[in-house]
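Asks: My questions are about this predicted structure, shown below with the sequence.
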Amino acid sequence: MTPYGQTIPIDARGSFTGVDLHAWFTHHDIAFDGGYPGAVPPFAVEGCDVLINGHIHKTQKSVLAGRTRWMNPGTITRQSVDLVDHVPRAWILDGGGELEPQALPFENNVFDLTGRVVDAADGSAVAREVESAFVTLLQAESSTELKRSGDGSIIRDEIEAKFASDDTPDAVRAIVRSLLGEAVERHAVQS
């Protein structure tokens, strides 16, 4: 075993004799899925078949490096909100080096996710809100100003100025410009 902060060996041959499978246990920041600064990338450990890490709380996909299969089964509890989807399990290491999960009872909704989880916006609801704001802008314009500017250039200038001052996202700008074009066309047909 290698405790946190100590160097994981690159060669475990000779540690035990007369064994069919050599397992090593660590408690480190291992870069299983992409990693992060300071995480140790999995590497081949000579003479080691299975290396089981216990520092990372979330279950990780195993990684094969040389003949060494690195595994991180994860914690038996969900102690922080980043583990809301983690399924707590105990694990049995069998004689072939496989980890067999054993389900543990747990409560599903133990974290207060208020302010942490936001559902994706419904595109049609966003469009309705944008259209509503646009219609309000149009109604604020007097009919005499629209007649002075049948091509919508007065309101177009105001909208573009508002886009610039608010740093409006391009997607919203495109929707509003399209609505303005439709309004100008309707006004031209009615006149």
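Replies: Perfect, I can see it now.
Asks: Show the contacting residues for Leu93.
Replies: Ala23, Val50, Ile52, Leu99, Glu100 (C-beta atoms under 8 Å, 6 or more residues apart in numbering). Yep, even glycine has a C-beta here, placed from its N, CA and C like the rest.
Asks: Select only the buried ones of the residues you listed in PyMOL?
Replies: Typed into PyMOL, the line below selects the buried ones among the contacts of Leu93, using 16 or more other C-beta atoms under 10 Å:
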select buried, resi 23+50+52+99
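Asks: Let's see which of the contacts of Leu93 end up in helices.
Replies: Residues of the contacts of Leu93 located in helices (DSSP state H): none.
Asks: How confident was the prediction at the spatially most central residue of the chain?
Replies: Taking C-alpha atoms, centre = their mean, the centroid of the chain lies closest to Asp82, which sits 10.6 Å from it. Predicted confidence (pLDDT) for Asp82: 85.
Asks: Buried residues of the longest helix along the chain, list them for me.
Replies: Counting by DSSP H, the longest helix found in the chain is helix 170-190. The neighbour-count check on helix 170-190 (16+ other C-beta under 10 Å) flags Val172, Ile175, Val176, Leu179, Leu180, Ala183, Val184, His187 as buried.
Asks: ok, and the helix or strand in this protein with the lowest average confidence?
Replies: helix 143-148 (a mean of 51; mean pLDDT, DSSP states H and E).
Asks: do you know how far Trp3 is from Phe32?
Replies: Check again: residue 3 is Pro, not Trp. Distance check for Pro3 against Phe32: by C-beta to C-beta, to the nearest Å, it reads 19 Å.
Asks: Settle it for me: which of those two has more neighbours?
Replies: Phe32 (20 against 10; other C-beta atoms under 10 Å).
Asks: Skipping adjacent residues, who's closest to that one in space?
Replies: Gln60 (3.8 Å; C-beta to C-beta, 6 or more residues apart in numbering).
Asks: Pretty sure that neighbour sits against Asn72.
Replies: Yes - Gln60 is in contact with Asn72 according to C-beta atoms under 8 Å; the separation is 3.9 Å.
Asks: Quickly list what's touching both of those two.
Replies: Joint contacts of Gln60 and Asn72 (C-beta under 8 Å, 6+ apart) are Ile30, Phe32, Asn53.
Asks: any idea of the pLDDT on Ala65?
Replies: 95.
Asks: cool, Phe134 as well?
Replies: So, for Phe134, pLDDT stands at 69.
Asks: hang on, the earlier thing: distance to Thr168 for the shared contacts of Gln60 and Asn72 - can I get that in TSV?
Replies: What follows is those, written out as TSV (distance: C-beta to C-beta, whole Å):
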residue	distance to Thr168
Ile30	44
Phe32	41
Asn53	47
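Asks: Wait, Asp151 touches Glu185, no?
Replies: No - between Asp151 and Glu185 there is no contact under C-beta under 8 Å: 10.4 Å.
Asks: Look up phi and psi at the closest residue to Ile56 other than its chain neighbours.
Replies: Nearest non-adjacent residue to Ile56, counting by C-beta to C-beta, 6+ apart: Asn72, 5.0 Å away. In terms of degrees, to the nearest 10, the main-chain angles of Asn72 are phi -140, psi 100.
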